[in-house]
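Enquirer: Give me a model of this one.
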Amino acid sequence: MREGDQFVAYTPALDLSTAGSTFEQAKKRFAEAVHIFVEECLKMDTLAAVLEGLGWVRHRSEWVPPIVVAQESQTFNLPVIA
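Expert: Okay, here's the model as predicted:
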């Protein structure tokens, strides 16, 4: 998504996000962030617990992420309180 002059990459499957000044930079940083996330979980031996907490299910020898059933945007205005 775009926020101001930044591109934001986000995955609900890992509740992980990052940003960049270009779309390509955001994609690159996101791949790096996922790599670091998994690497750190493996170092701390918490990957299974973290993934389960995020709704992932272990199926035989692989992890299956939660299924996204919909994605939509809704615009609304909020009043400015002085």
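Enquirer: all strands for this structure, in order.
Expert: In the chain, the strands defined using DSSP state E lie at 2-3, 6-11, 16-20, 57-59, 62-64.
Enquirer: Report the contact partners of the spatially most central residue of the chain.
Expert: Residue closest to the average C-alpha location in the chain (Cα atoms, centre = their mean): Thr11, at 2.5 Å. By Cβ atoms under 8 Å, 6 or more residues apart in numbering, the contact list for Thr11 reads 17, 30, 34. For the C-beta atoms, the positions are set from N, CA and C on the backbone; glycine is no exception.
Enquirer: Quick check: it vs Ala19, distance?
Expert: For Thr11, the distance to Ala19 equals 13 Å [Cβ to Cβ, to the nearest Å].
Enquirer: Quick check: the gap between the residue nearest to the centre of the chain and Gly20.
Expert: Distance check for Thr11 against Gly20: by Cβ to Cβ, it reads 15 Å.
Enquirer: Regarding Asn77, what are the backbone dihedral angles?
Expert: When read as degrees, to the nearest 10, the backbone of Asn77 gives phi -100, psi 140.
Enquirer: ok, back up a step: tell me the one of the contacts of Thr11 nearest Pro79?
Expert: Proximity of the contacts of Thr11 to Pro79 (Cβ to Cβ) peaks at Ser17, which lies at 27.5 Å.
Enquirer: Give me the neighbour count for that closest one.
Expert: By other Cβ atoms under 10 Å, 15 other residues sit near Ser17.
Enquirer: Would you mind confirming that it makes contact with Ala9?
Expert: Yes - using Cβ atoms under 8 Å, Ser17 is in contact with Ala9, at 6.4 Å.
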